[in-house]
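Enquirer: Sequence first, predicted model second:
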Amino acid sequence: MSLTKVSYSMISGAPANVLDFGADPTGVADSTTAINAAIATGRRVRIPAGTYLCNVTINNKTIIEGDGSTISVVKPFDNAIAAMTYTFAAMQNPVLGFFQYHSEVRDIGFEGTGTKVGIGFTFGATVPSAFQANDELANNVKFYGCLFRNLDKGVQFPFGNIGTEFYSCGFKENKYGVYSLNNKFGSPMHAGNKHFYGGEASGNICAFYINNTADGFGDFTLRDFIIEGNSIGFYCFTNTTYAPVLFDNVWVEANASGSPSAVTIDQWSGSTRSDLLIDVATYIFEGEKSEYIFKGGHFANAKITADTTVVHVDSSRVSSDAASSVTGANSQLIFNSPVINDTACPKGNGIVVVGMPKFNNTSAIGGGSQATARGLSIPIRKSKSSSTGFVGQSVTFNSVETTTGSFSLTGSLNSDSTLYANSNQFVIPFSNPYAGEFVLFSNTNELLVAGFYVFTFHAKWISGSLPVFYVYDGLGVVSIAQQMTLGNDGAWQAFGGYAYTTGGATVGLWATGSDSSTIRLSAYQILRFDTQIEAMSFLASLSYIQ
């Protein structure tokens, strides 16, 4: 008696198995027609273990699943077209509506047919200039456990295509892991509203690439993600962010290291693409009027050329040896309470450190080489306390004070102050024979012994040159902090910081300036603590020992 082979399609409720439609799992024949036929059933589509060459089109809401991203693999049959193209325009369908997230791709690998060749998954036309009406509305897909490897572009959003989520997906050894543009050829659609949860990007020339010139951009989010070993970890050009780009507990490591030092990526001017040779970095932010937020994780090596842009780094582990720079006009890189891997916070123009930094290498944070990075903008001291056991120096400025440094200056009382009823105003003659450097208050009573030294002071510029403050020994051998610049807005500023030193030098509050300067001081202190946690706790307490 002959037996009849039972196909998956004969089982009620079974997924549409592409093998039942003639797909070739050996990776030899073109499986496009077979997989398209499975998609056309409207049922869940199953792609079993194997390698499939295809250029399929997904034009309905579809769930596609494989047996795992390394054993159910699709590759482009024709490298000029993506292996999978999603064209369903949910916004145009009044029944199904927008942001329904019905379509899913699970446990499938997308691979190139050569070294960084082909497109894995595209929303709308593979080539942006081939835009057709409603291509920008192809969106709302969830990816689970997918791997995009050795492609020119792993997944691309050529026309905005907002509203897609990735869960535990990998992007490895591509030219671009994720490639997102605003719609440059049709109706406006920004390049944002994409979210990545878990997952990893490694070995890519550019792991994430964003080029946006449309209003509405933002809400591009990475959470609990790893960016490692890429030439460029994250590149973003945008003219505005309506909502910040968010990096939540993102770990970066070994990006922009080794050869080459520069790579070629796409540059867009309107609808024209050209090549841009750019120096490698973990993060590159270009354009203007944008905001990026980093929370936790590990931060390193950001290049901010965008104008009027702020990058907030909050409670992240930071490496100062992986240099960051800010060259955009009116832009800032702000570190709030970083955890420092080596000897000091990152430093440079436009880089600000606030909050409460923690140094992991406590034995190396007292030398002069990194002292320029240890002066922090801190909150004004709020409370006064008395202590008979503190070691250091405290100047109150509630009455007339005379400086104890290079030569005596007697202050004049002002009722303008922050901590006490009065402040002292000093006219500092930054001139010879002191070569523009002046000791305001030297710690004459206490030769430094080993410990953690905390300083705080409040200052305000009145007129003349803008002074720069130091808390050190004048030679830089023992430097708590250097190069804290007083602003010219006539507002009170508070500076503070801490460092460990083995002692052996007398430090004080110094100032430099190019010409005579008039300033006010309302509080200055330098105190010694036995442990780092004591020093940090006191600096965070907003207290002043008098």
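Expert: Perfect, thanks for sending it. Owing to the predicted nature of the structure, the values given are computational and were not obtained by experimental measurement.
Enquirer: Helix or strand: which one has the residue nearest to the spatial centre of the chain?
Expert: The residue lying closest to the centre of the chain (C-alpha atoms, centre = their mean) is F294, at 5.0 Å. Per DSSP states H and E, F294 falls inside strand 291-295.
Enquirer: rewinding a little: okay, the residue nearest to the centre of the chain and R149: tell me how far apart.
Expert: Using C-beta to C-beta, to the nearest Å, F294 is found at 27 Å from R149. In short, each C-beta sits where N, CA and C put it, glycine included.
Enquirer: returning to that earlier point: whatever helix or strand comes next after the strand holding F294 packs against which elements?
Expert: As assigned by DSSP H and E, the chain's next helix or strand after strand 291-295 is strand 298-299. Secondary-structure packing of strand 298-299 (3 or more C-beta pairs under 8 Å, 6 or more residues apart in numbering; DSSP states H and E): strand 251-253, strand 317-318.
Enquirer: make it 7 Å
Expert: With contacts defined as 3 or more C-beta pairs under 7 Å, 6 or more residues apart in numbering; DSSP states H and E, strand 298-299 has these neighbours: strand 251-253.
Enquirer: thinking again about what came up before, pull up the pairing partners for the strand holding F294, direction included.
Expert: Paired neighbours of strand 291-295 in the sheet (DSSP bridges): strand 245-248 (parallel), strand 310-314 (parallel).
Enquirer: ok, and what's touching the last one?
Expert: Put plainly, it is strand 310-314. 285, 291-295, 299, 302, 304, 331-336, 338 (C-beta atoms under 7 Å, 6 or more residues apart in numbering).
Enquirer: For that strand, give the mean pLDDT please.
Expert: Averaging pLDDT along strand 310-314 yields 96.
Enquirer: repeat for the shortest one
Expert: Summarised as a single mean, pLDDT over strand 245-248 is 98.
Enquirer: can you give me how far it is from the chain middle?
Expert: 7 Å (C-alpha atoms, centre = their mean, to the nearest Å).
Enquirer: re earlier: and the pLDDT at the residue nearest to the centre of the chain?
Expert: Value listed for F294 in the pLDDT field: 97.
Enquirer: Tell me who's in contact with it.
Expert: Contact analysis of F294 by C-beta under 7 Å, 6+ apart lists 247, 312-314, 316.
Enquirer: Can I get those in TSV including distance to A421?
Expert: Below are those laid out as TSV (distance: C-beta to C-beta, whole Å):
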residue	distance to A421
F247	46
H312	36
V313	38
D314	36
S316	40
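Enquirer: Out of these, which is nearest to Q532?
Expert: Nearest to Q532 out of the contacts of F294 is S316 (C-beta to C-beta; 18.6 Å).
Enquirer: Next, count neighbours for the nearest residue to the closest one once chain neighbours are set aside.
Expert: The spatially closest residue to S316, leaving aside those adjacent along the chain, is F299, at 4.3 Å (C-beta to C-beta, 6 or more residues apart in numbering). Per other C-beta atoms under 10 Å, the neighbour tally for F299 reads 27.
Enquirer: Quick check: pLDDT value at F299.
Expert: For F299, the model assigns a pLDDT of 94.
Enquirer: In this structure F495 contacts F457, no?
Expert: Yes. Contact criterion C-beta atoms under 7 Å: F495 and F457 qualify, at 5.8 Å.
Enquirer: higher neighbour count, the two?
Expert: F457 (25 against 21).
Enquirer: The more buried one and S412: what is the separation?
Expert: Taken as C-beta to C-beta, the span from F457 to S412 is 18 Å.
Enquirer: what does A323 give?
Expert: Going from A323 to S412 by C-beta to C-beta gives 43 Å.
Enquirer: So for the two, which sits in the more crowded spot?
Expert: Higher neighbour count among A323 and S412: A323, with 15 against 12, using other C-beta under 10 Å.
Enquirer: Secondary structure element holding the more buried one?
Expert: Using DSSP H and E, no helix or strand contains A323.
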